[in-house]
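>>> Got a predicted model here, sequence first, then my questions.
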Amino acid sequence: MTETWQRVDGEWRLRLVHTDRIRRNPPAIALNPQDIDPWVGTYGNGDATYRIERHGLKISGQRSGKQPEILEAEARDVLFQPDNLYVRKVLQRDAGGKVTGFMDRDENSDRLWTRVDR
């Protein structure tokens, strides 16, 4: 918490109080390869691509032109990047249960990525 004070006519007056919550990583759930494999693939949004890969029981994601990032599962179809707690990747499935894309969701917006490697 921070406070901003201002001296007005010889007296200190509280002008602003700023508080923010301490963000912590959610507990990651353990998944087996059969849970992870349906997510593995390439997704597109405009000219950008994002690739999700499995390495044993670990998950990584990489946007075109960027470094790979570690991903963990918060729920069956919800991924997060540790220490980047503003963003979730919410996987989308069709009526048959096949992964069709994911929503990159932050506190202010959603960005849809569609599966491109069927």
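Perfect, thanks for sending it.
>>> CA only for contacts and neighbour counts going forward, please
OK.
>>> Pretty sure Gly96 sits in a strand.
No: counting by DSSP: H, G, I helix; E, B strand; the rest coil, Gly96 is not part of a strand but coil.
>>> residue boundaries of the helices in this structure?
Using DSSP state H, the helices of the chain run over 33-36.
>>> so where is it shaky, pLDDT-wise?
For the chain, the stretches with pLDDT under 70 are 118.
>>> which one's the longest strand in it?
Longest strand in the chain, counting residues (DSSP state E): strand 84-93.
>>> Mind giving me the packing neighbours of it?
Packing partners of strand 84-93 (3 or more CA pairs under 8 Å, 6 or more residues apart in numbering; DSSP states H and E): strand 78-81, strand 99-105.
>>> I'd like those strands as a markdown table, with distance to Arg15 and mean neighbour count appended.
Shown next, in a markdown table, are those (distance: least, CA to CA, whole Å; neighbours: other CA atoms under 10 Å):
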| stretch | distance to Arg15 | mean neighbour count |
| --- | --- | --- |
| strand 78-81 | 36 | 20 |
| strand 99-105 | 34 | 19 |
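>>> Out of those, flag the one nearest Thr4.
Proximity to Thr4 (CA to CA) singles out strand 99-105 among the helices and strands packed on strand 84-93, at 32.8 Å.
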